[in-house]
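>>> sequence plus predicted model, see below.
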Amino acid sequence: MALQIIRNNIVCVEADAIVNTANPAAGVGRGVDQAIYEAAGWDRLLEARKKIGAMSPGEAAWTPAFDLRAKYIIHTVGPAWRGGSFGERETVAECYRNSLKLASELGCESIAFPLIATGTYGFPKDEALRIAMAEISSFLLGNEMEVLLVVYDKESFEVSGKLFSDIKSFIGDREARYDALYRSYSSIETSGRDMAETSSRVSSLPSRRRRVHGIFKRKKKAEERTLMEEAPPIEEDYDLLADEDSATCKASCPSPSYVPAFPTEEASLDERLKHLDKTFQQYLFMLIDRRGMTDPEVYRKANIDRKHFSKIRSNAEYTPSKKTALALAIALELNIDETRDLLARAGLALSPSMMSDRIIEYCIETSNYDIYEINCILFKYDQPTLGA
């Protein structure tokens, strides 16, 4: 995976380069700086750091990593937060940009960052995260490197409160839509019956989908009773069912004019197997060609490393994990129906009972196809991030 967000102590992370939020003077600071000195070996690291000398905000330099599980420590100096009017945001961006450039020059294949300047320097965490994602994603568009963003604890990780309010509202709205649908159509057969009896019977149904399916059965019975009593027919607005479940219900309750997919009911299994559609791999590369995208554009937008994407390209029988399939759907900017189709070709589906799937539905329906921002949201909710 090109970019991963992990919860850990950065001194315990294994990577070619570990980024340290350094003291501008050739001395030991607090927070991450002190922790890295203690883990790497105080005396040797301090001696190497003194050879660099004083550093300016935004600058990056390296020393050996000594006792850390890394080859290099990249030291960068973040700004003290003074309200944002003194170029603090630009300086933080320079810290990430210069550290990534230096890691590339050193031949690093992996690098681990803390959220720069969010500790003792007081830089707002949500803004620091936004800047980190922008600089890292920009770098990864033209470079191959595994980047780890290391978060020490959950309280250190913040994203816009409005965004999370929107997601909660979206999830709540979806629940309300199912409930409203159920209440609207359960009224078809409540006339002249005991409400308590009806509520008890309907509440025993195993799922919302079966509730909606049952609507059509109750509609049919109501119409039959109406005809027998020579009463006006019951009119219902089927447009109320214009959502993902209505298509399922209508497909599972065909009209008499329904034409089967095969010529006769006696069609053999062999005949049916001749009608298989495109595999996941075939369909994926058809979509890529239709959108005129190159392989690097796709795997970078999907947060997938080049080697893994090459495996997808070369293996006709490739079956993805769900997080990889969803990452590719995001990279191709598929709508929700196209996403479901792509998943189905790998035997996968979006689940209305999974928090991660609801978050991804929200992002797709609001046209948010930034894989890094989506992963930030998933991480905040303790859900698996996308990519491979």
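In hand now; what should we look at?
>>> domain ranges for the protein?
3-156, 161-268, 280-380 (automatic domain parsing).
>>> averaged pLDDT, the last one. What do you get?
Predicted confidence along domain 280-380 averages 94 (mean pLDDT).
>>> returning to what we had before: for the domains of the chain, which has the smallest mean pLDDT value?
The bottom spot among the domains of the chain, by mean pLDDT, belongs to domain 161-268, with a mean of 50.
>>> now the end-to-end length of stretch 17-28.
19 Å (C-alpha to C-alpha, to the nearest Å).
>>> and stretch 318-337, by the same measure?
Termini of stretch 318-337 sit 22 Å apart (C-alpha to C-alpha).
>>> stretch 119-133 too?
Termini of stretch 119-133 sit 18 Å apart (C-alpha to C-alpha).
>>> so which bits of that stretch are buried?
Gly119, Tyr121, Phe123, Lys125, Glu127, Ala128, Leu129, Arg130, Ile131, Ala132, Met133 (16 or more other C-beta atoms under 10 Å). The way it works is simple: take the backbone N, C-alpha and C, and place the C-beta from them, glycine included.
>>> and the contacts of stretch 37-56?
11, 22, 24-28, 36, 61, 63-68, 73, 75-77 (C-beta atoms under 8 Å, 6 or more residues apart in numbering).
>>> go with 10 Å
For stretch 37-56, contacts defined as C-beta atoms under 10 Å, 6 or more residues apart in numbering pick out 9-12, 18, 20, 22-29, 33-34, 36, 59, 61-70, 73, 75-77, 91, 94.
>>> Gly27 and Asp33 touch, don't they?
Yes - counting by C-beta atoms under 10 Å, Gly27 touches Asp33, with 9.3 Å between them.
>>> ok, the two, which is more surrounded?
Asp33 (21 against 13; other C-beta atoms under 10 Å).
>>> can you pull the contacts of the more buried one?
Here Asp33 is in contact with Asn20, Thr21, Ala22, Asn23, Gly27, Arg49, His75, Val77, Pro114, Gly119, Thr120 (C-beta under 10 Å, 6+ apart).
>>> any idea which helix or strand carries the last one?
The reference is to Thr120. Secondary structure from DSSP states H and E places Thr120 outside every helix and strand.
>>> Pro79 versus that one, what's the distance?
12 Å (C-beta to C-beta, to the nearest Å).
>>> tell me what Pro64 is bridged to.
Beta-bridge pairing of Pro64 under DSSP bridges involves Tyr72.
>>> I figured it hits Lys71, correct?
Yes - between Pro64 and Lys71 there is a contact under C-beta under 10 Å: 7.6 Å.
>>> filter the contacts of stretch 37-56 down to the ones in helices?
Secondary structure from DSSP state H places Asp33, Gln34, Ile36, Thr91, Glu94 of these in helices.
>>> top of these by neighbour count?
Ile36 (27 neighbours).
>>> please report how far that one lies from Tyr152.
In terms of C-beta to C-beta, Ile36 sits 13 Å off from Tyr152.
>>> okay, and the common contacts of these two?
Common neighbours of Ile36 and Tyr152 (C-beta under 10 Å, 6+ apart) are Ile10, Pro114.
>>> number of residues surrounding Cys12?
Quick note: Cys12 (other C-beta under 10 Å) scores 11 neighbours.
>>> hmm, I typed the wrong one, I wanted Ser56.
By other C-beta under 10 Å, 9 other residues sit near Ser56.
>>> over to the one 10 residues further on?
If you count neighbours by other C-beta under 10 Å, Phe66 ends up with 17.
>>> quick check, it in contact with Ile73.
Yes - Phe66 lies in contact with Ile73 (C-beta under 10 Å); the separation is 8.0 Å.
>>> can you pull the residues that touch both of those two?
Common neighbours of Phe66 and Ile73 (C-beta under 10 Å, 6+ apart) are Ile36, Tyr37, Ala40, Leu45, Ala48.
>>> sorry, back to before: give me the ChimeraX select line for the contacts of stretch 37-56, limited to the buried ones.
To isolate the buried ones among the contacts of stretch 37-56 in ChimeraX, judged by 16+ other C-beta under 10 Å, type:
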select :10,11,18,20,22,23,26,28,29,33,36,59,61,62,63,65,66,68,70,73,75,76,77,91,94
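>>> mind listing which of the contacts of stretch 37-56 are in strands?
Using DSSP state E, the subset of the contacts of stretch 37-56 located in strands is Ile18, Asn20, Ala61, Trp62, Thr63, Pro64, Ile73, His75, Thr76.
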